[in-house]
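[1] Here is a sequence together with a model predicted from it:
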Amino acid sequence: MRTISIVSQKGGAGKTTLAIHIAAMAAATGYTPILIDLDPQATAAAWSDWRAGESPEVITAPHTRLIETLSKAEQLGADIAIIDTPPHADAAAVHAVKAADLVLIPCRPQAFDLQAMKTTADLTNLTQKPVFVVFNGNAPQATAALSQAAELVQSMGLQTAPVDLSERAIYRHATGQGRTVTEIEPIGKAAREVEALWEWASQILGIKPTAQTKVA
């Protein structure tokens, strides 16, 4: 089973939006994902309730039970796990990073968000896991701002993902209905970004974007 952890010490960074879209893409491409919601606010779990039982499955768990939760999920047939973590919670983030095969740090390319990135960088820079910042909520085609943000992130010892998720109203519309942008507008710009991010993440994990066999 492969595990992707979504971490950021800043609230409002877009962790849950990123987590549910990756989990839904895994399900749509033939995998059996489990989304583990460590956030006491249980936003991902609420989104799952709105889906009325449709994949991906979302379960809530305390970070102290993360390893046991992952083990049980694998025993029940999950082959991709996505961990959504709460903000301002070092212990949960540390547990999630240790369990991950890939760590994604969502960040809006804005001054306050980039400043807060230092705390998250301190948590992840000592790990040997692949760690990437995913810019989101940026204005479409804001190449200059993204380039400057990428330079700042790299100065903190972090890498940036080659795909960013631009600010688009469809994200709010879709998640409010318990859906994803790929389900609401499958040929829209937001859907193409999500699909490209999933394809890239699959390469980092060493799996195919579309499942053919179960992940070992």
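    Structure received. Numbering: from 1, shown residues only.

[2] Report the mean per-residue pLDDT for the longest helix along the chain.
    Longest helix in the chain, counting residues (DSSP state H): helix 189-205. Along helix 189-205, the predicted confidence averages to a pLDDT of 97.

[3] if I read this right, Glu199 contacts Pro209, doesn't it?
    Yes - under the contact definition of CB atoms under 8 Å, Glu199 touches Pro209, with a separation of 4.6 Å. In this view, the C-beta of every residue, glycine as well, is placed from N, C-alpha and C.

[4] For this protein, spot the helix or strand the model is least confident about on average.
    The helix or strand with the lowest mean pLDDT-type score in the chain, counting by mean pLDDT, DSSP states H and E, is helix 111-124 (a mean of 86).

[5] Does anything pack onto that helix? Which helices or strands?
    Using 3 or more CB pairs under 8 Å, 6 or more residues apart in numbering; DSSP states H and E as the contact test, the elements touching helix 111-124 are helix 90-99, strand 102-107, helix 143-155.

[6] Check the ones you listed for me and report the most buried one.
    strand 102-107 (a mean of 25; mean count of other CB atoms under 10 Å).

[7] That one pairs with which strands, and in what direction?
    Looking at strand 102-107 with DSSP bridges, its paired strands and their directions are strand 2-6 (parallel), strand 131-138 (parallel).

[8] Among the ones you listed, which one carries the weakest average confidence?
    Note on these: strand 131-138 shows the lowest mean pLDDT, a mean of 92.

[9] Which residues does that strand contact?
    By CB atoms under 8 Å, 6 or more residues apart in numbering, the list of residues contacting strand 131-138 from outside reads 13-14, 17-18, 97, 102-110, 117, 124-125, 145-146, 149-150, 153, 158-161, 163-167, 197, 204.

[10] Go through the helices and strands packed on helix 111-124 and name the closest to Lys72.
    Between Lys72 and the helices and strands packed on helix 111-124, the shortest separation by CB to CB is 13.3 Å, and it involves helix 90-99.

[11] From the contact counts, what lies against the closest one?
    On a contact count with 3+ CB pairs under 8 Å, 6+ apart, helix 90-99 meets strand 2-6, helix 66-75, helix 111-124.

[12] can the ones you listed go into a markdown table with extra columns for mean neighbour count?
    Rendered in a markdown table, the data for those read as follows (neighbours: other CB atoms under 10 Å):
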| stretch | mean neighbour count |
| --- | --- |
| strand 2-6 | 26 |
| helix 66-75 | 16 |
| helix 111-124 | 17 |
